[in-house]
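In: Just need the structure, nothing else, for what follows:
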Amino acid sequence: MEFGKIDGGHLTALDFYLPPDRDETRELLSRQQQENSKTSVYVGCAKWGRKDWIGTIYPEGTKESIFLDHYARHFNSIELNATFYRIPSFAQTSSWRKKVGKDFLFCPKVSQVISHIKRLKDSQELVDRFYKGIAGFGENLGPVFLMPHPAIGPKNFDTLRAFLEALPRHVNTFVELRHKDWFENKEVFSEVFALFQQLGIGSVITDAAGRRDCVHMRLTRPEAFIRFVGNGLHPTDYTRVDEWVQRIKMWMESGVRKIYFFMLQQEEIHSPALARYVIQQLNKHCNTALPEPVFVADQSESELPKNASGKN
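Out: Coordinates of the predicted model:
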């Protein structure tokens with residue numbers, strides 16, 4: 001994960017303070033407080049196929065074929081980056097669904113062929129293939145996550161709007177904008193996020209050290225999708241999480257229906273540890289009851305799963 005990466009020696013000098021909620025966000029949430037519905041919270045990582053997690057959250061000897069089985073024992077969701085690199089088939093996503101529990105959510109990332117190669121143009125056939133493929137997730141399908149190519153900026157507004165308007169409405173979509181001009185021009189910012197809200201599309205908030213403009217704090221539906229990019233368990237990773245937990249607590253009290261918090265790291269070996277810290281702090285401060293990931297080092301031999309090799 002190279003996005004927003006800066007030299008580690010400069011981290012302590014950065015201002016990681018979370019900006020206040022925008023007026024539009026407060027107005028949106030004020031309408032939700034009357035519903036008094038419980039907030040669903042999902043925490044996970046961006047992938048499960050990590051060999052360097054063997055010995056951390058995967059027991060020694062775990063086969064790659066059952067990495068997902070083990071991942072789903074620790075987390076209740078995943079920001080599925082695998083679908084960015086290859087459009088999955090229905091059979092493939094159906095087979096993945098069978099490896100997880102009924103409450104686990106897959107949040108698939110839109111294929112790069114659509115977002116980066118086609119750049120949202122002339123891609124309807126590919127979009128149809130993508131949605132047919134992810135249909136295999138069934139009830140385990142969470143929101144779809146779209147990251148347009150970073151070069152897609154305000155000059156491409158009409159292209160973005162046409163693409164979003166044509167998307168199926170039966171699956172929730174969240175969009176992450178990266179081009180800096182979306183954030184630097186106040187009128188453009190207001191227009192594009194108003195479009196998201198009008199279409200019922202969520203806005204991704206990405207917290208990365210080197211791109212503080214992406215921490216925009218503009219919710220466009222009563223749900224939050226947070227991508228947190230850590231820096232190798234640097235002390236600021238933990239203080240940043242602490243601040244997010246307090247903001248999430250406030251949002252939950254204000255009527256946010258769903259929270260998706262996905263952990264990414266410049267070196268992904270560190271993602272499970274910081275994601276566990278997120279869960280611990282949410283349970284402590286937000287009255288959630290998320291199962292806490294259990295690391296191999298914390299388990300006795302008798303507690304380890306018996307099918308680490310794929311055999312019972």
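In: just for the chain, where's the confidence low?
Out: 1, 8, 34-36, 300-312 (pLDDT under 70).
In: all helices of it, in order?
Out: Assigned by DSSP state H, the helices in the chain fall at 23-30, 67-74, 82-85, 90-97, 112, 124-134, 157-165, 181-184, 186-199, 235-253, 271-285.
In: So which other helices or strands are in contact with the fourth one?
Out: Taking 3 or more C-beta pairs under 8 Å, 6 or more residues apart in numbering; DSSP states H and E as the contact definition, the neighbouring helices and strands of helix 90-97 are strand 105-108, helix 124-134. (Each C-beta comes from the backbone N, C-alpha and C, glycine too.)
In: Distance from the first one to the middle of the chain?
Out: Relative to the mean C-alpha coordinate of its chain, strand 105-108 is positioned 9 Å out (C-alpha atoms, centre = their mean, to the nearest Å).
In: Next: stretch 185-195.
Out: With C-alpha atoms, centre = their mean, you get 23 Å for stretch 185-195.
In: cool, stretch 144-151 as well?
Out: Relative to its chain's centre, stretch 144-151 lies at 13 Å (C-alpha atoms, centre = their mean).
In: sorry, back to before: right, so the helices and strands packed on helix 90-97: which one is the most enclosed?
Out: Mean neighbour count (mean count of other C-beta atoms under 10 Å) peaks for strand 105-108 among the helices and strands packed on helix 90-97, with a mean of 25.
In: what's next to the following helix or strand past that strand, contact-wise?
Out: Moving toward the C-terminus from strand 105-108, the next helix or strand (DSSP states H and E) is helix 112. With C-beta atoms under 8 Å, 6 or more residues apart in numbering as the test, helix 112 has contacts from 84-85.
In: excluding its backbone neighbours, what's nearest Tyr71?
Out: Spatial nearest neighbour of Tyr71, chain neighbours left out: Trp48 (3.8 Å); criterion: C-beta to C-beta, 6 or more residues apart in numbering.
In: ok, how many other residues are close to the one you found?
Out: Residues near Trp48, counting by other C-beta atoms under 10 Å, number 24.
In: Report the contact partners of it.
Out: Going by C-beta under 8 Å, 6+ apart, Trp48 touches 67-68, 70-72, 78.
In: okay, now Asp158: neighbour count?
Out: Look at Asp158: counted by other C-beta under 10 Å, it has 8 neighbours.
In: Kindly report the same for Lys258.
Out: Around Lys258 there are 18 other residues, counting by other C-beta under 10 Å.
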